[in-house]
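Engineer: Take this sequence and fold it.
(2 chains)
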Amino acid sequence: MNEKVVGSLLITKSKRRSEIFREVKKNQLIYLMILPGLLYFIIYKYFPMYGLIIAFQDYKPYLGITGSPWVGMAHFERLFTDPMFWTIFKNTLILFAMNLLIFFPIPIILALMLNEVLATKFKRTVQTLVYIPHFMSWVIIVSIGYVMLSMDGGIINELLIMFGFEKINFLLNESWFRPMYILQVIWREMGWGTIIYLAAMSAVDPGMYEAARIDGASRLRQAWHITLPSIRSVIVVLIILKIGDVLELGFEHVYLLLNAMNRNVAEIFDTYVYTVGLRQGQFSYSTAVGFFKSFIGLILVICANWLSKKAGEEGIF
Amino acid sequence: MVHDRTIGSRIFNIVNYSLLGLIALLTILPFIHVVGGSFTTSAELAARSFVLIPTDWSMAAYRYIFSTNTIFRALGVSVLVTVGGTLFSMLLTSLMAYGLSRRNLPGRKYMMFAVIFTMLFNGGMIPTFLIVQYTGLLDSLLALIIPVSINVFNMIILKSFFQNLPEGLEESAKIDGCNDLGIFFRIVIPLSMPAIATISLFYAVTYWNTYLHAILYLNDAAKWPIQVLLRQIVVLATGMNYDSADFTEAAPPDQSVKMAVIVVATVPVLMVYPFLQKYFAKGALVGSIKG
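Structural biologist: All right, here's what the predicted structure looks like:
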């Protein structure tokens, strides 16, 4: 290589660098505006990620994150031999499966139904009503469930008696926890979940329905063969995001439903981290439990994304 | 879309409309039940005749819950956190969103990646708790605000909105000698009021509903927001007792008191709901999420 080329390369490099420098200087104020937000992410999102190293330490509050002694994989070894591990693993998995198999299709069906409504006022009213629960906190949702299902004076039990049945202790009964959980998820999120599908459906070319109608396709067939396929990519993206949430089932919701009587089926990773970590003060062990959970979650998202790309869909990254 | 008027299509419509009506009704029935129940007398509840609309109206449950300071204090905390939190969040979120909406800003891609990555992976409950402790927020109302001050989704929505503003406006302001901060506060914010209002409402609802962070970071019962108090009263049935010396009236039926507290915690959200709904019904938000 001759000197000329090297020289010109050096010149372009330094020129580019000075250009970037000039651009940065020109945007000083912009960086200043981003700074508070960036600090927030660094302190409250990235420092905790660094804090994950206490999962490999024996964390002592007076020694801090940097000074506590290292214990290697001890906490993870304890996790896999913890008798609770398989229980919470199973419970988490079952709630996730219920979310994916029972809840996930409901907003799609509801959106398909809404999409067929021509009376704008009716459609708007239904939408307005079904979106409401999404804006209520889990505390309100669970509390309403509580007063309705309560043994003394709850409407559901009163109705059961009225029709000659026995009272059921929904709130303290192991076998009622899962149905109660998924019903509350459906109640709160069913309507809100339709928004993104409805937006995708509004982009479908009306000419396709026209053509299908001329070919004699019924309304159901049109929904099945035109509307549904045209929102497929949205569905795939939302499935991937849902799978990423595999182990994030809403700590708040489950925690609010959890009690001494249903612990066997209701304890999941998040609630276990809370109980062991903050209630019992075993910071390192509970961090290891949480780390294991987030790690699995991340791997699952990457796998789901890879699968969807393999199947010819876009994926999320 | 114009649909044909075949018999099949008509049957489809009837079934579809009735099902949707039923779903909408089932969604709000529990709310009506609770509101009705909060205005019922103990006699009616005991007679088990009450379902939705009370025949015998009574304010006893409300008189009972408002007979002490407990609920006023919790409501005050919630209002404070909601107003303060929304202002603080909007300031940080919109400043950052505006900065990141500049397409040719050096380092923009890396910053966006750093922000989005936090949606896929995070340190989790305990390390975050420790950082909150290190930064001295434990047992302070600031712990309900600062550790959650930016919601990534909200930030991205605002960023897309700012990106779609005409660039010429900023150029001309710059020529007139306005700096970036001036452009942001005097031109961009006034032009973006619909988006700013929507995101503010979303933040406000989130802050009003805050529960998790209160039980994680606050030990002092005097600092409890309404959601924590609601949980105590409804599920644990102890909340009103921690300073029960305040109570002078005889206790009305548990059920209607619980319902009244639920209503009190719900009403503020229902009041802003029509405004919220006005914006997201337009689909403006969804469009920007996709983009």
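Engineer: Now do the contacts for A:Met208.
Structural biologist: Applying Cβ atoms under 8 Å, 6 or more residues apart in numbering or on different chains, we find A:Met208 in contact with A:Ile226. The C-beta positions use only the backbone N, C-alpha and C, and glycine is treated the same way.
Engineer: State the distance from it to A:Ile214.
Structural biologist: To A:Ile214, A:Met208 is 11 Å away according to Cβ to Cβ, to the nearest Å.
Engineer: B:Tyr207 is in what secondary structure piece?
Structural biologist: helix B:193-208 (DSSP states H and E).
Engineer: Okay, buried residues for that helix please.
Structural biologist: For helix B:193-208, the neighbour count (16 or more other Cβ atoms under 10 Å in any protein chain shown) marks B:195-196, B:198-208 as buried.
Engineer: Any idea how far that helix is from the middle of the chain?
Structural biologist: The chain centre lies 8 Å from the centre of helix B:193-208; the measure is Cα atoms, centre = their mean, to the nearest Å.
Engineer: Any part of it near chain A?
Structural biologist: Yes. Contact of helix B:193-208 with chain A (Cβ under 8 Å from any Cβ of the partner chain) involves B:205, B:208.
Engineer: hmm, who's touching that helix?
Structural biologist: A:135, A:137, B:78, B:81-82, B:85-86, B:89-90, B:93-94, B:144-145, B:148, B:151, B:154, B:157-158, B:161, B:189, B:226, B:268-269, B:272, B:275-276, B:279-280, B:284-285.
Engineer: Which of the residues you listed fall in strands?
Structural biologist: Among the contacts of helix B:193-208, no member falls in strands (DSSP state E).
Engineer: Buried ones among the residues you listed?
Structural biologist: So, by 16+ other Cβ under 10 Å, the buried ones in those are A:135, A:137, B:78, B:81-82, B:85-86, B:89-90, B:93-94, B:144-145, B:148, B:154, B:157-158, B:161, B:189, B:226, B:268-269, B:272, B:276, B:279-280, B:285.
Engineer: got the contact list for the closest residue to A:Val142 other than its chain neighbours?
Structural biologist: Leaving aside its sequence neighbours, A:Val142 sits nearest to A:Leu256 (Cβ to Cβ, 6 or more residues apart in numbering or on different chains; 4.2 Å). A:Leu256 makes contact with A:138-139, A:142, B:231, B:235, according to Cβ under 8 Å, 6+ apart.
Engineer: Convert stretch A:22-38 to CSV, retaining C-alpha atoms only.
Structural biologist: The C-alpha trace of stretch A:22-38 is given here as CSV (Å, rounded to 0.1, in the frame of the first residue of the first chain):
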residue,chain,number,x,y,z
ARG,A,22,-18.6,19.6,15.6
GLU,A,23,-22.0,18.0,15.5
VAL,A,24,-21.7,17.1,19.2
LYS,A,25,-20.7,20.6,20.1
LYS,A,26,-23.6,22.0,18.0
ASN,A,27,-26.0,19.8,20.0
GLN,A,28,-24.7,20.5,23.5
LEU,A,29,-28.1,21.6,24.7
ILE,A,30,-29.8,18.5,23.2
TYR,A,31,-27.4,16.3,25.2
LEU,A,32,-28.1,18.3,28.3
MET,A,33,-31.8,17.7,27.7
ILE,A,34,-31.3,13.9,27.4
LEU,A,35,-29.0,13.8,30.4
PRO,A,36,-31.6,13.6,33.3
GLY,A,37,-33.4,10.8,31.5
LEU,A,38,-30.1,9.0,30.8
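Engineer: So what touches that stretch?
Structural biologist: So stretch A:22-38 is contacted by B:91-93, B:95-96, B:98-100, B:102, B:104-107, B:111, B:150, B:155, B:179-181, B:184 (Cβ under 8 Å, 6+ apart).
Engineer: What of stretch A:149-156?
Structural biologist: Contacts for stretch A:149-156 (Cβ under 8 Å, 6+ apart): A:147-148, A:157, A:167, A:169-171, A:180, B:33, B:45, B:51, B:253-255.
Engineer: hmm, back to that, select from the buried ones among the contacts of helix B:193-208 every entry located in helices.
Structural biologist: When the buried ones among the contacts of helix B:193-208 are checked against helices (DSSP state H), the matches are B:78, B:81-82, B:85-86, B:89-90, B:93-94, B:154, B:157-158, B:161, B:189, B:226, B:268-269, B:272, B:276, B:279-280, B:285.
Engineer: For the residue in the stretch 151-291 of chain B that chain A sits nearest to, give me phi and psi.
Structural biologist: Per Cβ to the nearest Cβ, B:Asn209 is where the stretch 151-291 of chain B lies closest to chain A, at 3.4 Å. B:Asn209 has phi and psi values of phi -90, psi 0 when expressed as degrees, to the nearest 10.
Engineer: Count residues in the vicinity of it, would you?
Structural biologist: 23 (other Cβ atoms under 10 Å in any protein chain shown).
Engineer: now swap in A:Ile108 and tell me
Structural biologist: Neighbours of A:Ile108 (other Cβ under 10 Å): 18.
Engineer: Secondary structure element for it, which one?
Structural biologist: Secondary structure from DSSP H and E places A:Ile108 in helix A:105-115.
Engineer: For that helix, name the packing helices and strands.
Structural biologist: helix A:120-131, helix A:174-201, helix B:7-38 (3 or more Cβ pairs under 8 Å, 6 or more residues apart in numbering or on different chains; DSSP states H and E).
Engineer: Please pull out the lowest mean pLDDT helix or strand from chain A.
Structural biologist: The helix or strand of chain A with the poorest confidence is helix A:3-26; it has a mean of 73 (mean pLDDT, DSSP states H and E).
Engineer: I'd like the next helix or strand past that one.
Structural biologist: Toward the C-terminus, helix A:3-26 is succeeded by helix A:28-41 as the next helix or strand (DSSP H and E).
Engineer: tell me the mean pLDDT over that following helix?
Structural biologist: When pLDDT is averaged over helix A:28-41, the result is 96.
Engineer: So what's the gap between that helix and the chain middle?
Structural biologist: 28 Å.
Engineer: Walk me through the domains of the chain.
Structural biologist: Here I'm looking at chain A. Domains of chain A are assigned by automatic domain parsing as A:3-67, A:75-310.
Engineer: meant chain B, my bad for not saying
Structural biologist: According to automatic domain parsing, the ranges for chain B are B:7-62, B:69-247.
Engineer: tell me the most buried of the helices and strands packed on helix A:105-115?
Structural biologist: helix A:174-201 (a mean of 19; mean count of other Cβ atoms under 10 Å in any protein chain shown).
Engineer: Is there contact, residue-wise, from that one to chain B?
Structural biologist: Yes. Using Cβ under 8 Å from any Cβ, helix A:174-201 reaches chain B at A:187, A:190-191, A:195-196, A:198-199.
Engineer: between that helix and helix A:105-115, how many degrees?
Structural biologist: With axes from the mean of the first three to the mean of the last three Cα atoms, to 10 degrees defining the directions, helix A:174-201 sits at 40 degrees from helix A:105-115.
Engineer: need the next SSE after helix A:174-201, C-terminal direction.
Structural biologist: helix A:206-214.
Engineer: now for the next helix or strand after that following helix, which elements pack on it?
Structural biologist: Downstream of helix A:206-214, the next assigned helix or strand under DSSP H and E is helix A:219-222. Here helix A:219-222 touches helix A:206-214, helix B:7-38, going by 3+ Cβ pairs under 8 Å, 6+ apart.
Engineer: list the buried ones in the shortest one?
Structural biologist: Using 16+ other Cβ under 10 Å as the test for burial, helix A:206-214 gives A:209, A:212-213.
Engineer: That helix vs helix B:7-38, what angle?
Structural biologist: 120 degrees.
Engineer: Please state the offset of helix A:206-214 from the chain centre?
Structural biologist: That offset, for helix A:206-214, works out to 37 Å (Cα atoms, centre = their mean).
Engineer: C-alpha coordinates for that helix, CSV please?
Structural biologist: Extracted in CSV, the C-alpha atoms of helix A:206-214 (Å, rounded to 0.1, in the frame of the first residue of the first chain):
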residue,chain,number,x,y,z
PRO,A,206,-61.7,-3.2,1.5
GLY,A,207,-61.4,-4.4,-2.1
MET,A,208,-60.4,-7.9,-0.7
TYR,A,209,-63.8,-8.2,1.1
GLU,A,210,-65.5,-7.0,-2.1
ALA,A,211,-63.9,-9.7,-4.1
ALA,A,212,-64.6,-12.3,-1.5
ARG,A,213,-68.2,-11.3,-1.4
ILE,A,214,-68.6,-11.6,-5.1
